[in-house]
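Engineer: take this sequence and fold it.
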Amino acid sequence: MAAANAETVVAECGGTVRRWPALAMLVVMLLALVLASLRLGTVALDWGTLYRGMVSANPADFPVLWNLRLPRTLLAVVVGAQFALSGLILQRVIRNPLADPGVVGVSGGAGLAVVILLLLSDLLPGVAAGVGLAGLPWAALVGGLMVAALVLALAWRNGLAPARLALTGIAVGAVLNAAVMWVVVVWGGSRTETTLMWLAGSLYGRDFSHLWLLLPWTLAGLLALLPALKPLSLLRFGDHQAQTLGLAVQRWRLLALAVAVMLAASAVAVAGPMGFVGLIVPHLARLLARGSFAAQVPVCLLLGGALTLAADIVGRTLASPLELPAGAVTTLLGIPVLLYLLIKQGGRS
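Structural biologist: Purely as a prediction, here's the structure:
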């Protein structure tokens, strides 16, 4: 036990030393991406227009900036941060480097629940009017929890093997995606095009109402995570060692899983599933902050926001005026990373 405590102290000190340069670098990078996102698009804004718009006493004079670019940019940062933090929590709790909201079924379950709710708003307008936009995160949360529990139950066999969990999650995700496409094609009606765009993980057409909807969930997730920072740091020693150190392992694991699902599901409800953000970013965060879990959280938040924002910028400028969903860009980046991790895990087994 003394050795474990000593290792914790050393790791946390090392994480603190590495964390500040990484945080400074990431803040600068994120600010540069924010400026690029505000400037670039179908209608490019020069530096003078951007400055006048940001300091203007009447934002209505700059509709492109205030109605389109700014809310979309801020939402990309928040959505990416939530997906990344959810992946970091899942990888620590399950002790599986392949875990992310998509692989364990959270994104698929949340997506199916939201699609059903959107389509019900056409079939049952009276009922849907009482739910509104604010009901989407709740539907996504229920769907994400149910499917995540199903994936974990199917993958459990005297423990959770990384490859088995990943393959189970991918299989369940494929079934959910097929179900979603079937629902959209058969009953989509006038919402088919919009729903398909959302399912690809898109920030197109998002405004401040979506940002205000998501921020309370972001704050709730961060506040709920605060008391779990130290327990999650101890979980890296394994269940038995963590229990020896006095940790109620199952209680903290369930709490952390609930936080991870809440963060991912609410992000899915607003922006759709952003493929593999929760898989890639935690690995990068651990490279930049090799310390306690608490040291990795701010790095992960900044990296997640930067990656999603960069993907959105690429998606709307690469073939302008056409637009590629940000989720498609992150998926293109994430697939080779997933294959590499699967091969790496297979070599260890």
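Engineer: would you map the strands across the stretch 1-150 of the chain?
Structural biologist: Listed in chain order, the strands of the stretch 1-150 of the chain (DSSP state E, counting those that start in this stretch) amount to none at all.
Engineer: what about it, any weak spots by pLDDT?
Structural biologist: Low-confidence segments of the stretch 1-150 of the chain (pLDDT under 70): 1-19, 57, 122, 124-134.
Engineer: all the helices of it, residue numbers only.
Structural biologist: Ranges of helices in the stretch 1-150 of the chain, per DSSP state H, counting those that start in this stretch, are 2-39, 47-55, 63, 70-94, 106-123, 125-131, 135-155.
Engineer: deepest in the core, which of those helices is it.
Structural biologist: Most buried of the helices of the stretch 1-150 of the chain by mean neighbour count (mean count of other C-beta atoms under 10 Å) is helix 70-94; its value is a mean of 27. All C-beta spots, glycine's among them, are computed from the backbone N, C-alpha and C.
Engineer: about what we covered before: out of the helices of the stretch 1-150 of the chain, which gets nearest to Gln241?
Structural biologist: Taking C-beta to C-beta, helix 2-39 is the member of the helices of the stretch 1-150 of the chain nearest to Gln241, at 5.9 Å.
Engineer: what average pLDDT does the strand or helix carrying Leu223 get?
Structural biologist: Following DSSP states H and E, the helix or strand that holds Leu223 is helix 208-225. Averaging pLDDT along helix 208-225 gives 92.
Engineer: show me what it is packed against.
Structural biologist: Helices and strands touching helix 208-225, by 3 or more C-beta pairs under 8 Å, 6 or more residues apart in numbering; DSSP states H and E, are helix 70-94, helix 135-155, helix 249-271.
Engineer: I figured Trp187 hits Leu119, correct?
Structural biologist: Yes. In this structure, Trp187 is within contact of Leu119 by C-beta atoms under 8 Å, at 5.2 Å.
Engineer: leaving out sequence neighbours, find the closest residue to the most centrally placed residue in the chain.
Structural biologist: Central residue of the chain (C-alpha atoms, centre = their mean): Phe83, 1.0 Å from the mean position. Nearest residue to Phe83 in three dimensions, chain neighbours excluded: Val277, at 4.1 Å (C-beta to C-beta, 6 or more residues apart in numbering).
Engineer: make sure the one you found is actually in contact with Gly87.
Structural biologist: Yes. Applying C-beta under 8 Å, one finds Val277 in contact with Gly87, separated by 7.1 Å.
Engineer: and for these two, which residues touch both?
Structural biologist: Asp100 (C-beta atoms under 8 Å, 6 or more residues apart in numbering).
Engineer: three-state assignment of Gly275?
Structural biologist: Following DSSP: H, G, I helix; E, B strand; the rest coil, the label given to Gly275 is coil.
Engineer: returning to what we had before: please spell out which residues along the helix holding Leu223 are buried.
Structural biologist: 210-211, 213-214, 217-218, 221-222, 225 (16 or more other C-beta atoms under 10 Å).
Engineer: using CSV, lay out those residues together with distance to Gly102.
Structural biologist: As requested, the buried residues of helix 208-225 are arranged in CSV below (distance: C-beta to C-beta, whole Å):
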residue, distance to Gly102
His210, 21
Leu211, 23
Leu213, 22
Leu214, 18
Trp217, 18
Thr218, 19
Gly221, 18
Leu222, 22
Leu225, 20
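Engineer: quick one: Met54 from Ala260, how far?
Structural biologist: Using C-beta to C-beta, to the nearest Å, Met54 is found at 35 Å from Ala260.
Engineer: likewise for Leu119?
Structural biologist: Distance of Leu119 to Ala260, given as C-beta to C-beta: 27 Å.
Engineer: with Gln91 instead?
Structural biologist: For Gln91, the distance to Ala260 equals 10 Å [C-beta to C-beta].
Engineer: now swap in Thr168 and tell me
Structural biologist: In terms of C-beta to C-beta, Thr168 sits 17 Å off from Ala260.
Engineer: who's more crowded, the two?
Structural biologist: Using other C-beta atoms under 10 Å, the more surrounded residue of Thr168 and Ala260 is Ala260, with 31 against 22.
Engineer: so who does that one touch?
Structural biologist: Shown in contact with Ala260 (C-beta under 8 Å, 6+ apart): 85-87, 89-90, 93, 101, 106.
Engineer: and what of Leu154?
Structural biologist: Counted by C-beta under 8 Å, 6+ apart, Leu154 has contacts 168, 172.
Engineer: CA-only coordinates of stretch 156-172 in PDB, if you can.
Structural biologist: Provided in PDB are the C-alpha atoms of stretch 156-172 (Å, rounded to 0.1, in the frame of the first residue of the first chain):
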ATOM      1  CA  TRP A 156     -18.800  -9.500 -19.700                       C
ATOM      2  CA  ARG A 157     -17.300 -12.900 -19.400                       C
ATOM      3  CA  ASN A 158     -15.200 -13.300 -16.200                       C
ATOM      4  CA  GLY A 159     -14.200  -9.700 -16.800                       C
ATOM      5  CA  LEU A 160     -14.000  -7.200 -19.600                       C
ATOM      6  CA  ALA A 161     -11.400  -8.100 -22.300                       C
ATOM      7  CA  PRO A 162     -10.500  -5.000 -24.400                       C
ATOM      8  CA  ALA A 163     -10.900  -6.700 -27.800                       C
ATOM      9  CA  ARG A 164     -14.200  -8.400 -26.800                       C
ATOM     10  CA  LEU A 165     -15.700  -5.200 -25.500                       C
ATOM     11  CA  ALA A 166     -14.700  -3.300 -28.700                       C
ATOM     12  CA  LEU A 167     -16.000  -6.000 -31.000                       C
ATOM     13  CA  THR A 168     -19.300  -6.200 -29.100                       C
ATOM     14  CA  GLY A 169     -19.700  -2.500 -29.100                       C
ATOM     15  CA  ILE A 170     -19.100  -2.300 -32.800                       C
ATOM     16  CA  ALA A 171     -21.500  -5.100 -33.500                       C
ATOM     17  CA  VAL A 172     -24.300  -3.500 -31.400                       C
END
